[in-house]
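Undergrad: Give me a 3D structure for the following:
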Amino acid sequence: MTPRHAPLRRLILTVVLMLSIGLLAACSVGGNSDDAVDDTGSVDGTATLTATAPAGEQTSNQAAATATDEPVGQQTSVAEENDSDDADPMQIYDIDGDGVVDRAEIFSLADLVEEVNPAVVTVINQQTFGGFYDQQGEPQTAGTGTGFFISEDGYLVTNNHVVEGSDDVSIIFADGTEVEAELIGTDQLTDLAVIKVDGEIPGYVELGDSSELRPGERVIAIGSPLGAYTNTVTEGIVSGIGRRVAGTNAAIDNLVQHDAAINPGNSGGPLFTLDGKVVGVNTLVVRQSGSGIPAEGLGFAIPSDTVTQVSQAIIEDGAVERPFLGITFQQISPTVAATLDIAVDNGALVIEIQPGPAADAGLEVDDIITEIDGDVINEDSTLTDLLFEYEPGDTVELTVYRPATDETLTIDVTLGTRPSGL
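TA: Now for the predicted structure:
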């Protein structure tokens with residue numbers, strides 16, 4: 001980078017502002033979170049997306065609508081559809097109450113939906129609001145979203161912003177039955193939460209391998225848009241992988257982009273491939289660009305590989321313990337690098353350094369971290385993703401490009417523990 005350029009952070013912020021987009025979270029209807037995320041990815045900040053209902057659709061105190069669909073069976077996985085007359089039909093493996101695995105045949109998306117639908121539920125965020133003379137009133141519906149069971153012992157996944165601020169949580173099965181649920185834990189950084197229901201459940205689904213997703217692959221989404229149209233099914237394709245969506249407060253990396261229709265109330269709902277496995281958790285949709293240009297078919301889901309890691313940690317420990325580097329960063333892509341004439345195409349630009357491991361190790365603002373222990377940072381493997389592979393106390397080697405001196409350095413950093421609330 002040559003001296004004629006303005007300070008790198010100012011240029012980055014200018015480019016990010018130009019590329020900023022208007023967001024509408026495909027989230028809990030009537031929820032209480034902020035409605036966008038910012039243009040910096042923070043290793044120790046949150047990436048929680050919002051719960052904002054479109055005007056006139058539902059207020060925070062509206063009651064949730066009851067579900068209408070009837071449950072059909074239980075589900076673990078479904079094999080890929082093939083329309084060839086000579087090919088084997090799709091295979092389903094149903095788990096009966098006695099745990100015996102039976103083989104059955106499936107020939108259509110409707111059959112697939114019939115199998116997985118019972119595992120998808122409507123999630124009700126209930127909050128207690130102040131009454132007259134500061135007396136606490138009865139719990140009321142503050143928002144609705146979607147969730148799905150991932151195990152036969154009653155654990156289900158949804159978005160953090162669906163249950164954020166809740167005093168109580170309940171769920172509505174596909175047959176309209178409403179039951180109490182327990183909030184096990186949440187992770188703001190990935191916008192995920194785990195809830196548990198005691199007793200028998202109508203079915204559960206399996207988390208798939210999102211690393212195998214390819215653009216053009218067919219997917220279906222199931223959710224409760226607007227909190228009223230429960231277990232709605234929409235179909236689309238994977239439009240892109242490794243996406244980063246930014247707004248005004250935080251950012252989420254490595255998202256799955258798809259064009260299956262999702263709306264407020266779909267948040268926390270599953271995104272299925274044709275083998276009946278969940279490859280993403282729907283979390284937001286882009287409605288227009290920063291300049292007000294309308295957009296269609298821009299839905300985003302948290303990849304199932306992230307969901308697997310986070311949900312397991314919450315189930316085992318009640319929370320996700322994350323390593324702490326102590327920086328705020330901006331993801332560098334080839335497009336941004338070319339625009340700003342940066343010498344590296346990918347990496348994490350250090351925007352701010354907090355007291356902690358990075359400061360102690362000698363990182364500086366405007367440094368660009370390009371590798372961690374030899375693993376390259378790019379749009380498919382972001383800094384946040386790679387750090388999640390380590391534990392607090394681990395020492396990692398960072399490869400750092402320093403524009404100020406036009407040199408590449410290796411810096412050893414001992415990771416701390418991410419403080420709660422960040």
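Undergrad: from here on, contacts and neighbour counts on C-alpha atoms
TA: Fine.
Undergrad: chain center to the one helix or strand Val396 maps to, what's the gap?
TA: Assigned by DSSP states H and E, Val396 belongs to strand 395-402. On the basis of C-alpha atoms, centre = their mean, to the nearest Å, strand 395-402 sits 28 Å off its chain's mean C-alpha point.
Undergrad: Give me the contacts around it.
TA: 344, 366-374, 407-415 (C-alpha atoms under 8 Å, 6 or more residues apart in numbering).
Undergrad: In strands only, show me those residues.
TA: Among the contacts of strand 395-402, the members found in strands (DSSP state E) are 368-372, 407-414.
Undergrad: Which PyMOL command selects the buried ones in the contacts of strand 395-402?
TA: Here is the PyMOL selection string for the buried members of these, based on 16 or more other C-alpha atoms under 10 Å:
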select buried, resi 344+366+367+368+369+370+371+372+411+412+413+414+415
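Undergrad: Surely Arg221 is within a strand?
TA: To be clear, residue 221 is Ala; Arg isn't right here. Yes: under DSSP: H, G, I helix; E, B strand; the rest coil, Ala221 falls within a strand.
Undergrad: wait, it sits on Asn231?
TA: No: using C-alpha atoms under 8 Å, Ala221 is not in contact with Asn231, being 9.2 Å away.
Undergrad: in the sheet, who's paired with the nearest residue to Glu407 once chain neighbours are set aside?
TA: With sequence-adjacent residues excluded and distances taken as C-alpha to C-alpha, 6 or more residues apart in numbering, Glu407 is closest to Tyr401, at 5.9 Å. The partner list for Tyr401 in beta bridges (DSSP bridges) reads Ile368, Thr408.
Undergrad: From Thr408, how far off is Tyr401?
TA: As judged by C-alpha to C-alpha, to the nearest Å, Tyr401 and Thr408 stand 4 Å apart.
Undergrad: same deal with Ala228?
TA: 55 Å.
Undergrad: Mind listing what's buried along stretch 385-405?
TA: Buried, per 16+ other C-alpha under 10 Å, within stretch 385-405: 387-388, 391-392, 396-403.
Undergrad: Next, format those residues as JSON lines and append distance to Ala181.
TA: Shown next, in JSON lines, are these (distance: C-alpha to C-alpha, whole Å):
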{"residue": "Leu387", "distance to Ala181": "32"}
{"residue": "Phe388", "distance to Ala181": "29"}
{"residue": "Glu391", "distance to Ala181": "31"}
{"residue": "Pro392", "distance to Ala181": "32"}
{"residue": "Val396", "distance to Ala181": "40"}
{"residue": "Glu397", "distance to Ala181": "43"}
{"residue": "Leu398", "distance to Ala181": "43"}
{"residue": "Thr399", "distance to Ala181": "46"}
{"residue": "Val400", "distance to Ala181": "46"}
{"residue": "Tyr401", "distance to Ala181": "49"}
{"residue": "Arg402", "distance to Ala181": "50"}
{"residue": "Pro403", "distance to Ala181": "52"}
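Undergrad: Confidence-wise, which of those residues comes last?
TA: The lowest pLDDT within those belongs to Phe388, which sits at 82.
Undergrad: That one contacts Arg322, doesn't it?
TA: Yes: between Phe388 and Arg322 a contact is recorded at 6.7 Å, counting by C-alpha under 8 Å.
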